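> The sequence isn't on hand, but the structure is:
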DNA sequence: GGGGCTGTTTCGGAGCGGTGAACGGTGCGT
DNA sequence: ACGCACCGTTCACCGCTCCGAAACAGCCCC
């Protein structure tokens, strides 16, 4: 929650971190234009119901949007309040995937990260990926392979537009 | 622009198509909770400035958020937050179509883009187009044929409605 | 020595690109 | 009007590459 325009620097800071934020816009002022889904505003004086509705909408969006998994200080992979412990190699691979969550990470990138010195056969990565896949299912995470390119970590039941079949429900 | 809760069915329809929408919430009613970034609301009676600000924010989000498909750095075709992976040839074809989204791209243009050197048999492009069509359905995209001219990429609004001929600019 | 971690082999299967063929629609020539 | 050539769509098929997971075998460290 940020007052606007009083706390502009705090707003910029929050934008950087990607945290959801609600602006309290001073009477007679205009809210700043933003294309960020995790930013919204209300005008002061604030209507109680309006405030609650905006906060609810923001948090709902935040849950669907800016939710990132992370590898914490203990090496645990955390997501949506749940966690799993990962063996060293899988953790390295998972770290690389988490760093580029939602984007493709090349096979060679992952291979170099996991085996900086000598590299084993090709399937070694596949095997670890396969095992990682099984392990992160309880977190609601999934690894999608992008053929000839690499792998992509994402939340399952999340937009990915599965080709083929399966449960498809809009939004 | 939708009145709420009067035009609930229209709202559902707009949600399906992914169009940005602004709800006019009746006094004393609560806006529906949605995690969709392209949905917002104002309360009636509407303050003029507030309305303009909300509309501006919505359109800004809509533009940034992909009312327009794109091929991202990883070669993925993204649209409305969803994505599909495309094989090389289909990707080049799709790239050409995305570059001129909503406009016709000639068959020969597409053929030259896909096969700069030699060209295969007559229906090679058709086959790839057919496969591309199937693949982009989950994104809500569709390729339309403009006979004797080429193809046209567009968002499919809703299954079944208009099917006129000649120039048309849906949505 | 048992359980978890790691690497290799192996094989089944999916994805891709090109061709041929079947089908239907459109327009043209006679 | 009729037949016919042509265009566009889709399916089936083949050769090929790539990926996935199971099975098996060393390894380390409590």
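Yep, that arrived. Note that the coordinates shown come from a computational prediction; the quantities given were computed from them, not determined experimentally.

> State which helix of chain A is the longest.
Longest helix in chain A by number of residues (criterion: DSSP state H): helix A:48-64.

> Run the contact check for that one versus chain B.
Yes. Helix A:48-64 lies within reach of chain B by C-beta under 8 Å from any C-beta of the partner chain, at A:49-50, A:53, A:56-57, A:60-61, A:63-64. In short, each C-beta sits where N, CA and C put it, glycine included.

> Quick check: the farthest pair among the residues you listed?
The span of the residues of helix A:48-64 next to chain B, defined through C-beta to C-beta, is set by A:49 and A:64 at 23.1 Å.

> neighbour-wise, which of these two wins?
Legend: neighbour count by other C-beta atoms under 10 Å in any protein chain shown for residue A:49 and residue A:64, higher for residue A:64 (18 against 12).

> pLDDT score for the more buried one?
On the pLDDT scale, residue A:64 is placed at 75.

> pretty sure it is touching residue B:33, no?
No. If you go by C-beta atoms under 8 Å, residue A:64 and residue B:33 don't touch, sitting 11.7 Å apart.

> in chain A, what spans have low per-residue confidence?
A:66, A:158-171 (pLDDT under 70).

> For chain A, what lies in contact range of DNA strand D?
Near DNA strand D, the residues belonging to chain A are A:107, A:122-123, A:126-127, A:129-130, A:133, A:145, A:147-149 when assessed by C-beta under 7 Å from any atom of the strand.

> so which of the residues you listed also contact chain B?
Filtered for proximity to chain B (C-beta under 8 Å from any C-beta), the residues of chain A next to DNA strand D shrink to A:147, A:149.

> Nearest to DNA strand C: which residue in chain A?
Across chain A, no residue is closer to DNA strand C than residue A:120, which sits at 2.4 Å (C-beta to the nearest atom of the strand).

> re earlier: make a ChimeraX selection of the buried ones in the residues of chain A next to DNA strand D.
The buried residues among those can be selected in ChimeraX (16 or more other C-beta atoms under 10 Å in any protein chain shown) with this line:
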select /A:107,129,133
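
> now the residues of chain A next to DNA strand D in a markdown table, with distance to residue A:1 and secondary structure?
Shown next, in a markdown table, are the residues of chain A next to DNA strand D (distance: C-beta to C-beta, whole Å; DSSP: H, G, I helix; E, B strand; the rest coil):
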| residue | distance to residue A:1 | secondary structure |
| --- | --- | --- |
| A:107 | 44 | helix |
| A:122 | 51 | helix |
| A:123 | 51 | helix |
| A:126 | 47 | helix |
| A:127 | 48 | helix |
| A:129 | 42 | helix |
| A:130 | 45 | helix |
| A:133 | 39 | helix |
| A:145 | 41 | strand |
| A:147 | 45 | coil |
| A:148 | 47 | coil |
| A:149 | 41 | coil |
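
> Domain map for chain A?
A:2-64, A:70-155 (automatic domain parsing).

> For residue B:18, find the nearest of those domains.
Comparing the domains of chain A by C-beta to C-beta, domain A:2-64 comes nearest, at 13.9 Å.

> Just the terminal-to-terminal distance for that closest one.
Domain A:2-64 has an end-to-end distance of 22 Å (C-alpha to C-alpha, to the nearest Å).
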